[in-house]
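Q: Provided below are the primary sequence and the corresponding predicted coordinates.
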Amino acid sequence: MTRKVTKAIFPVAGLGTRFLPATKSIPKEILTLVDRPLIQYAIDEAREAGIKEFIFVTSRGKSALEDYFDDAPELERTLKKKGKQDLLNELQNTNMDSGAIAYVRQNRPQGLGHAVWCARRMLGTNESFAVILTDDVIAADKPCLQQMVEAHAETGGNVVAAMEVPHSKTSSYGILDIAEDMGSMVKVKGMVEKPDADKAPSNLAVIGRYILTPEVMKNLNKIKQGAGGEIQLTDAIAEEIVKGNPVYGFRFRGQRYDCGSKAGFLQATVAFGLQRPDLRDEFSAYLQDALSLQTAAE
Ligand code: UTP
């Protein structure tokens, strides 16, 4: 039996340049899909997967993110006084227990691998851990990380979320070289960072959910000492394959939105808006009107 995964790292120290000027003063993770910030979707998914400790790797300018998880007694008092119980419940669901969240700092954005490495002292020496990229929002009946935790309980090793992408898009992703395809799981024999379509070993791309063994952290430690530029998480995972340790790709069931890009964020906004019973009718009528107006104008 593999040990339960109870800690998750959330690397949120990136600059978020694709959302400038908004991200000049607002962390990207606070941008809202309908009425919830991106970080809330990630936290909810982690909680459902049994995560108990939430480790944020932050940087300068991210204090709004730290405040977001504190209790808001004044707001709570006001909502209680006004009898707005639904909103109060909604608000209280965002509070995190004291001590459940830890913040570590990444002084300079030296890459995703480096951000994960910054959290090394928060983990036990022999403990597998999850990594969640809040940019990737995944709508699923069973949350993606929960699916992965269940798969990992069977296989152990390293498990990365994977999804088929169009061949023309492989250069935007880490791509898996497949040794054995078992359906929802694939055994991986290599990982290539952002290959052109003609060099890509498959079209199975790594998405921002990982369950990693402590060895990956040790690899990051080594890479850190030798690296000049960005430190890639992919390299530290690929090293495990070279050592003969298992790395699996997991084809999750669900719809992933790339909320690190403007187009993906807009798509997610439309999809999540249409799913909300309180908004659906008005919003879909508006979308239909807007589309027919645009078609007429063309
Ligand atoms: P991205 O590659 O999306 O970079 O990072 P970014 O800075 O967030 O956004 P753009 O490209 O400038 O618009 C993927 C994830 O890794 C984190 C980011 O916060 C994001 O969640 N990250 C990246 C770090 O925490 N530190 C880094 O040095 C780099």
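A: Now that the structure is in, tell me what you want to look at. Residues are numbered from 1 along each chain as shown.
Q: Nearest to the ligand: which residue in the stretch 151-298 of the chain?
A: Nearest residue of the stretch 151-298 of the chain to the ligand: residue 260, at 4.3 Å (Cβ to the nearest ligand atom). Where C-beta positions appear, they are placed from N, C-alpha and C, glycine not excepted.
Q: Can you name the residues of the chain sitting close to the ligand?
A: 11-18, 28, 57, 106, 109-112, 114-115, 133-135, 260 (Cβ under 6 Å from any ligand atom).
Q: Let's see the ChimeraX selection covering just the buried ones among these.
A: The ChimeraX selection below is limited to those of these classed as buried (16 or more other Cβ atoms under 10 Å):
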select :11,12,13,14,16,28,57,106,109,110,111,112,114,115,133,134,135,260
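Q: Tell me where the stretch 151-298 of the chain has helices.
A: 214-226, 233-242, 262-275, 280-297 (DSSP state H, counting those that start in this stretch).
Q: Export the first one to PDB, keeping only CA atoms.
A: Extracted in PDB, the C-alpha atoms of helix 214-226 (Å, rounded to 0.1, in the frame of the first residue of the first chain):
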ATOM      1  CA  PRO A 214      10.500  12.400  -2.800                       C
ATOM      2  CA  GLU A 215      13.200  11.400  -5.300                       C
ATOM      3  CA  VAL A 216      12.000  14.100  -7.700                       C
ATOM      4  CA  MET A 217      12.700  16.700  -5.000                       C
ATOM      5  CA  LYS A 218      16.200  15.200  -4.500                       C
ATOM      6  CA  ASN A 219      16.700  15.500  -8.300                       C
ATOM      7  CA  LEU A 220      15.700  19.100  -8.200                       C
ATOM      8  CA  ASN A 221      18.200  19.700  -5.400                       C
ATOM      9  CA  LYS A 222      21.000  18.300  -7.700                       C
ATOM     10  CA  ILE A 223      19.800  20.200 -10.800                       C
ATOM     11  CA  LYS A 224      19.600  23.400  -8.700                       C
ATOM     12  CA  GLN A 225      23.300  23.200  -7.900                       C
ATOM     13  CA  GLY A 226      24.200  22.900 -11.600                       C
END
